[in-house]
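Enquirer: pasting the sequence and the predicted coordinates here, then a few questions.
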Amino acid sequence: MTEPLCDALPDLVIMVKRDGVILSHMGGRGVAALALPPDASGQRLEALWPESVASCIKQAVRRAIAQRATLDTPFGDADVRYEMRTTAQGPERALCVIRAAGADRAMDGAAGPDDLSQSQFDRRGFLRRFHDTLSEAVIQEKPAALALIHLDGIADIERAFDAKISEQVLSSAILRLPHEVAREKNDNELGEYLGQLSADILALVMTSANRDAIEACVSRVCASLGEPVPIGDAAFQLTPHAGVSILGQDGSSPRGLLEKARSACAEARRSNSSRIFFFTDTLKLRSLQRLDIAWEMRDAIANRDIRLRYGGRHELASGRLVAHVGYLRWTHRLRGELTPGEFLGVAETTGLAPALSRALLAGLREDFAAMGATLPADARLSFGALRHHLLQDDFVDDIGRFLAEGGMPASRLELRIAERTFASMNASICQALGKLGVQIVVDEVGRGFASSLDRLARAPIWGLQLDRAWTTALRTDAVALKVCKAGISAASALGLTPIATGVDDAAQRDALLALGCGHGSGDLFSGRAEFDTLIMRPASQGIP
C-alpha cells in the first residue's frame, strides 16, 4: 500500500548525492514530464533527464550542501516551468522536492464541474457570492439557507501523510458529489452551490427554506462525502458533520447565518451524529438553559448546594493515604448531577467563579471537621481554587483569613493550581502563599506544559501532578510515556514531589513507581479513602 500511495503524491521527491546519483525517489504525479522509472535509484541524473535539468539539480544540491541550507530554485524544460526546493541532508546528499510552477494557485470562483480537480476553492470568491445571494434574498424576500459541513479526517490525513494527499482526498470527494450540487449554474431545484471555508469545512448554499428539501440535499451531499476515497492503493474515510441555518429564522445577515450554522455544525460534531443539525429551537433552548444555569448557580452558591467530592491520594508503594483531593460536584434538584464542564464555563463568563471558589474554600472548614478521625494526622485536604479567584489581587488575603479563623492548620491545606494558571500568575502570589505555610501543587502538568522551569524552580511548590490523560496511556502510548518521564524527571530535578492521577490498577502503579513517581490517586485505591460532603451546608438543612 505504501509505495502506490507515495506514487500518488503530485510532487516529485528525490534524494540525490552531491555527484548526481539518485538514492531514492517517490511521487511525481503532478510533473509527468519528469517521471522516473521504478529502477531510477542508483542511476545518474543525466542518464534520465536532459543535461540542462540534471546540471541545474546538481548545482542546487551542491550549493545546499555547502551552505547547509534550504534553497528554492526555478528551472524549465521544454517550455514547462518547475519549482524545486533543495534541503541538505548531511555532507554528501540533499532532498529535492520538484513541482510544476503555480501548482498551488487556488480556483477562481465557486465549484464548477471543470474546476473541482484543483486543490481548493477560492474562499474569497465563494464568500462574495454567498454575500450576494443573501443580499438578493433579503431584498427580494426570497428563501435561503446555509449548511456547513465539517469533514473529520482531513486534518488526520495531513498529519499522518502529507498536505497534498489530504487536498487530493478532498478534491476527489468533491468531484464525485451529485451532479446538481457540482454545477455552477443555479438551475437545479434548490439552486445550491458549494464553497470551501477552511481546509476541512465546506459550505453549501441553498435558495430554499423547506426543511425537508434542505435536509434531503445536505444528507445526499454528506452521504457522498462519507464514502471511502481511493488514492493510489489506499482508501481514506472522511466523516461529515453538518449544521444548517435558515435566513429569517436564524439570522438576517451573512455573518449571522455563518455563526448559527457553525454552532449547529459544532453541535453535530459534539454529538458524533450523522444526522443534520438545524439551528432551531433545540439549540436556542440550550442557550437559554445556560442562562438558567447562571441564574440557578447564584442560588446554589447562596444555599450551599454545590458539593466537593473527595478522592484519596496515596503512596504508591505502601498505599498509605496522604491527601483527600476535592473535586466539584453539583447535584441539581431538577437536572440531576452536573459535571464541572456543564457549569464552570458559565461561572467564568458570568463572573460567578470567584464567589463559587470562595464558597468552596469556606466549606473546607466544615469538611475537615466532618472527616474527623477518618483523616490521618499527617494527611492534607487538597483544594483546587478556580482560575478567576486565583488571579484576583485578594486571593492571598482570602487564604490568610481562612487560616486565621482556625479550624484547619496551614500544614494540612494543599492548594492545587492548574499549570496554565500557574504560568500566568504573578510570582509574588506563590511566595506569599508559601509564607502562609500551605503546600502548593501544580496540577495538569503535561496538558500544556506552558510554565517555565525557572518559575517552577523559584516558587515554593511542593508537588507536580501529571495530567490523567498522559498517565493512563503511558503503557500503550510512547508519547505519553515520554511526557510522564519528563514530568517526573522535572519534578525530581526541582526537588518536588511527582503525583499521578489515573492509577487504576496494580500494573499502572508499578509502571509509575518504576518511573520514580511515589504518589497517586485512582481506582486502585477505590473504597479506601472516599469522602463526600456538601460544602457550607448546615447539618440541619436538607435538600427537599
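Expert: Yes, it's here.

Enquirer: for G516, grab phi and psi.
Expert: Here is the backbone geometry of G516 (degrees, to the nearest 10): phi 100, psi 10.

Enquirer: any low-confidence regions in the protein?
Expert: Along the chain, the model assigns pLDDT under 70 to residues 1-8, 102-124, 161-162, 178-190, 232-233, 281-291, 446-454, 527-544.

Enquirer: mind listing what the longest strand belonging to the chain pairs with, with the direction of each?
Expert: When the chain is parsed with DSSP state E, its longest strand is strand 321-332. Looking at strand 321-332 with DSSP bridges, its partner strands are strand 306-315 (antiparallel), strand 336-338 (antiparallel), strand 380-384 (parallel).

Enquirer: now the helices for the stretch 101-250 of the chain?
Expert: According to DSSP state H, counting those that start in this stretch, the stretch 101-250 of the chain carries its helices in the segments 123-140, 154-160, 163-175, 179-182, 211-225.

Enquirer: quick check, distance from the second one to the centre of its chain.
Expert: Spelled out, that is helix 154-160. 13 Å (C-alpha atoms, centre = their mean, to the nearest Å).

Enquirer: could you list the buried residues of that helix?
Expert: Buried residues in helix 154-160, counted by 16 or more other C-beta atoms under 10 Å: I154, I157, E158. Backbone N, C-alpha and C define where each C-beta goes, glycine included.

Enquirer: pretty sure I174 contacts L204?
Expert: No: using C-beta atoms under 8 Å, I174 is not in contact with L204; the gap is 11.2 Å.

Enquirer: find residues that contact each of the two.
Expert: Listed as contacting both I174 and L204 by C-beta atoms under 8 Å, 6 or more residues apart in numbering are L194.

Enquirer: quick one: which of the two has more around it?
Expert: L204 (25 against 22; other C-beta atoms under 10 Å).

Enquirer: show me what contacts the more buried one?
Expert: Per C-beta under 8 Å, 6+ apart, neighbours of L204: L146, A147, L148, I149, V181, E192, Y193, L194, C217, V218, V221.

Enquirer: hang on, the earlier thing: can you put the buried residues of helix 154-160 in CSV and add distance to V325?
Expert: Formatted as CSV, those follow (distance: C-beta to C-beta, whole Å):
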residue, distance to V325
I154, 40
I157, 40
E158, 39
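
Enquirer: helices along the stretch 351-500 of the chain, start to end?
Expert: Under DSSP H, counting those that start in this stretch, the stretch 351-500 of the chain gives helices at 353-371, 387-390, 395-404, 419-424, 427-436, 453-458, 468-471, 478-493.

Enquirer: would you mind finding the most buried of those?
Expert: helix 468-471 (a mean of 22; mean count of other C-beta atoms under 10 Å).

Enquirer: okay, and H25 sits in which element?
Expert: strand 22-27 (DSSP states H and E).

Enquirer: how far does that strand sit from the chain's center?
Expert: Averaging C-alpha positions (C-alpha atoms, centre = their mean) puts strand 22-27 35 Å from its chain's average.

Enquirer: same question for stretch 170-180.
Expert: Centroid separation for stretch 170-180 versus its chain: 28 Å, with C-alpha atoms, centre = their mean.

Enquirer: now stretch 35-53
Expert: Worked out by C-alpha atoms, centre = their mean, stretch 35-53 lies 44 Å from the chain centre.

Enquirer: what do you get for stretch 323-336?
Expert: 26 Å.

Enquirer: hmm, who's touching that stretch?
Expert: 296, 300, 305-313, 337-338, 340, 343-344, 360, 364, 367, 371, 375, 379-384, 414, 416, 521, 529, 531-532, 543-544.

Enquirer: report the buried members of those.
Expert: Going by neighbour count (16+ other C-beta under 10 Å), the contacts of stretch 323-336 have 296, 300, 305-308, 310-313, 338, 343-344, 360, 364, 367, 371, 375, 379-384, 414, 416, 521, 529, 531 buried.

Enquirer: who's I201 bridged to?
Expert: Counting by DSSP bridges, the residues bridging with I201 are H150, S198.

Enquirer: check contacts around it.
Expert: L148, I149, H150, L151, C265.

Enquirer: turn those into TSV, including distance to R62.
Expert: TSV is the format used below for the contacts of I201 (distance: C-beta to C-beta, whole Å):
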residue	distance to R62
L148	50
I149	48
H150	47
L151	43
C265	51
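
Enquirer: between the residues you listed, which has the most around it?
Expert: L148 (27 neighbours).

Enquirer: thinking R509 is in contact with L524, fair?
Expert: Yes: between R509 and L524 there is a contact under C-beta under 8 Å: 5.8 Å.

Enquirer: neighbour count: these two, which is higher?
Expert: R509 (21 against 18).

Enquirer: name the SS class of the more buried one, please.
Expert: Assigned by DSSP: H, G, I helix; E, B strand; the rest coil, the conformation of R509 is helix.

Enquirer: please renumber so the chain begins at 39
Expert: That works, and once the first residue is 39, the last one we named lands at R547.

Enquirer: gap between it and V521?
Expert: 18 Å (C-beta to C-beta, to the nearest Å).

Enquirer: do A175 as well
Expert: In terms of C-beta to C-beta, A175 sits 51 Å off from V521.

Enquirer: swap in R336?
Expert: 40 Å.

Enquirer: do I537 as well
Expert: For I537 relative to V521 (C-beta to C-beta), the value is 15 Å.

Enquirer: for G554, same thing?
Expert: 14 Å.

Enquirer: again with L213
Expert: L213 sits 41 Å away from V521 when distances are taken as C-beta to C-beta.

Enquirer: one more: R131?
Expert: Taken as C-beta to C-beta, the span from R131 to V521 is 34 Å.

Enquirer: from T111, how far off is A104?
Expert: 14 Å.

Enquirer: the more surrounded of the two?
Expert: Neighbour count, other C-beta under 10 Å: between A104 and T111, T111 has more, with 18 against 11.

Enquirer: which SS state does the more buried one fall under?
Expert: Once three-state DSSP is applied, T111 turns out strand.

Enquirer: list the contacts for it?
Expert: C94, A98, E121, M122, R123, T124.

Enquirer: surely the fourth one meets A138?
Expert: No: counting by C-beta under 8 Å, M122 does not reach A138; the two are 10.9 Å apart.

Enquirer: comparing the two, which residue is more hemmed in?
Expert: Between M122 and A138, M122 has the larger neighbour count (other C-beta under 10 Å), namely 21 against 18.

Enquirer: what residues are up against the residue nearest to L50 when sequence neighbours are not counted?
Expert: Leaving out its chain neighbours, the residue that sits closest to L50 by C-beta to C-beta, 6 or more residues apart in numbering is G66, at 3.6 Å. Residues counted as contacts of G66 (C-beta under 8 Å, 6+ apart) are D45, L47, P48, D49, L50, V51, L72, A73, L74, I136.

Enquirer: filter the contacts of T111 down to just the ones in helices.
Expert: C94, A98 (DSSP state H).

Enquirer: farthest pair within the contacts of T111?
Expert: Farthest pair in the contacts of T111 (C-beta to C-beta) is C94 and R123. Separation: 13.3 Å.

Enquirer: more neighbours, the two?
Expert: For C94 versus R123, neighbours defined as other C-beta under 10 Å are more numerous around C94 (20 against 17).

Enquirer: any idea how far L109 is from that one?
Expert: Applying C-beta to C-beta to C94 and L109 gives a distance of 12 Å.
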